[in-house]
Structures are given as structure tokens and as C-alpha cells.
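Peer 1: How does the following fold in three dimensions:
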Amino acid sequence: MSLQITAAARPTFYFIGVSTGSSSIMKVFPAWAEHLGLDAVIRGIDLALDDTPENYRAVVDFLKKDPLSLGSLVTTHKLNLYKAASDLFDRVGSDTELLDEVSSISKHGPELWGNAMDPITCGLSLEAIVDDGYWARTGGELLLLGAGGSSLALTLYLHRRAVAGQDVPSKVVVTNRRPQRLAEMQAVHERLGIALPVEYHLSPTPDLNDARFLSALAVLDVSHASVAQVFDQDGFDTYVEMVLAHDPARVAILRRALQAVNVRFNARGVSTTPAHGDYGPWNTLRLADGGLFGRGFLCGPPGEPVS
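Peer 2: Predicted coordinates for the structure are as follows:
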């Protein structure tokens, strides 16, 4: 069945997504409009994930022809919408042409324009949480879970920084559930001649994404040390003395565990990252190279994130 959209009764800006009614923008936009003195309201247009080309074209055609529809923000559907309806735009920005996506639809007189704003907005978001010089200082890598529009735009932002000689990750690792998305991203990067290393990994199931995430964490502020150095640093002997005072039977178990760790890892040492000092074997992931990644979970007060 074809998509039906009711004509706007007053100047209207649209949010094209999946479940737009629950988005915070539905509350934020009216406050923006009041502050800026805009005579406009916001309406959501919900489309299914990977909707039909006919529905994407119907939305763009409606925005183009309806006189009181001012434009739209596009999320989730940025790539698919532009692929299905690129010919309906009168003009698009250079980033839209490069990324084959549109996140902003606007009207300029009789013309309908499309722009990809994510290279700007994603870059600003990353700058807000990662200080300049961080990548060079740490040698850190960046893991992107998903190869959709936002990830693609962020790689374009990083490419431009690399070309300008600015601070960028030592490598970008991208995972995605479907090979098509990875292939599309790789094709854009090849056209672009991307200026920093990028790896593409197909991860069709959540556990593979989790494994890639935990493996990527292991490169953060990594140091290499012998097993003895690690246990000395973490105060293992002090811990054994404490256990001995309260439960002597457990000391033998701890010493056998230490002996097993030494047999397995002492020859090559271990890589360590910052931690708060505890460890449970059930929080261990076996990596592809045969190594083990240990993850500790710290539970804070209600409402606080798990780290």
C-alpha cells in the first residue's frame, strides 16, 4: 500500500525516522521555534527500516510539492532515501554527492535542496569528547559499530583532518551486520582516497560485535609487562595475606591459579590496560590470536553507568 501523508495546514518541518514520536526533538523543536520566533511546527514521518523505494520517493515528492512543508531532518534513512529519490532534488551539496546520503532537506524558492550535514555534526560531537592531541598521545584506534550514514560521515571528517595534518586515530575499525553496507563504505573510501587506515569487518551477530569491541578496548593505553610485574603492581601478595587471615583454604586455590597463569603467559608477558583491580574468569573473552581479554564490571549507585 502506498504511503499517505496529509498536507500541512501551517508551516511545518518534518522529522523522517522510524519511531519519531518518542524522539526528544519533538519536545525540543517547539522550544527552539519559540526562542527563534519561528512560525513552524514539527511532524514525524515514520518509515520502516529499509523501506521500499516507492515510499522514500513518496516522502520526497510530498515535501517538494506541498507548499507549507518547509523541509526535513532525515535520520536512519539517509542512504536509502537518497538512493531511491536522488533525481527529485534540484540541487545537492558536495558531501551528499560524495556520501550518497541526505540528512537535511530544505526549500530555496521553487527548488528542493539536499545536504549531508553529518560530516560537520559528527565531527563536532567527537571533538566534544576527545581532546585535540589525544590520538597522537595514545596511539588510539577508533571502533565504529555500524557502517551507516553517521559512521561514513565520521570517516569523511577524519579523512579531512588527516589531509590537513591534524590529529586522527592510528586506525579506524568498522563492523557491520550486512556485507552490502561495508562494501558501500569501502567504495566511497576508495573514491575518496582515504588518508588513514581503515579495516572493515563483517559481524552478522551481536557476539561478534562484542568481541570486536572488547578487542579494540585492549589497545587503549596498553602496556606490556611480565606476569610477575603485573601481580606485583596489583598487590597480589598483600591480597594473599588478607585472604590467609580470613580463609586459609582459599590461599592454595589462589596460588594454583597464579601458577597456571605463569605457565600460560610468563614466556610472552601480558598486555594490560587501566583497571580498578578486580577480575572474574567469567568475564574473559578468548581472542582470535589465542589471547585472553579480561573485563571487569564496576557497579555504581542506581542510575550510574556500568564501567
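
Peer 1: Go ahead and confirm Ser103 touches Met117.
Peer 2: Yes - using C-beta atoms under 8 Å, Ser103 is in contact with Met117, at 5.0 Å. C-beta: built from backbone N, CA, C; applies to glycine.

Peer 1: residues near Asn80, how many?
Peer 2: Counted with other C-beta atoms under 10 Å, the neighbours of Asn80 add up to 21.

Peer 1: And Gly44, by the same measure?
Peer 2: Neighbours of Gly44 under the rule other C-beta under 10 Å: 17.

Peer 1: Look up the closest residue to it, ignoring the ones flanking it.
Peer 2: Closest residue to Gly44 apart from its sequence neighbours, by C-beta to C-beta, 6 or more residues apart in numbering: Thr20 at 2.8 Å.

Peer 1: okay but Val41 is in contact with Phe15, surely?
Peer 2: No - under the criterion of C-beta under 8 Å, Val41 makes no contact with Phe15, lying 11.2 Å away.

Peer 1: So those two - more neighbours on which side?
Peer 2: Neighbours per residue, other C-beta under 10 Å: of Val41 and Phe15, the larger number sits with Phe15, 19 against 16.

Peer 1: That one contacts Asp46, doesn't it?
Peer 2: No - the criterion here is C-beta under 8 Å, and Phe15 misses it with Asp46 at 9.4 Å.

Peer 1: the more surrounded of Ser103 and Met117?
Peer 2: Higher neighbour count among Ser103 and Met117: Ser103, with 28 against 18, using other C-beta under 10 Å.

Peer 1: Just give the nearest non-adjacent residue to Ser19, would you?
Peer 2: Per C-beta to C-beta, 6+ apart, closest to Ser19 is Asp46, 6.3 Å.

Peer 1: Show me what the one you found bridges to in the sheet.
Peer 2: Taking DSSP bridges as the rule, Asp46 bridges to Gly17.

Peer 1: any idea how far Ile16 is from it?
Peer 2: 8 Å (C-beta to C-beta, to the nearest Å).
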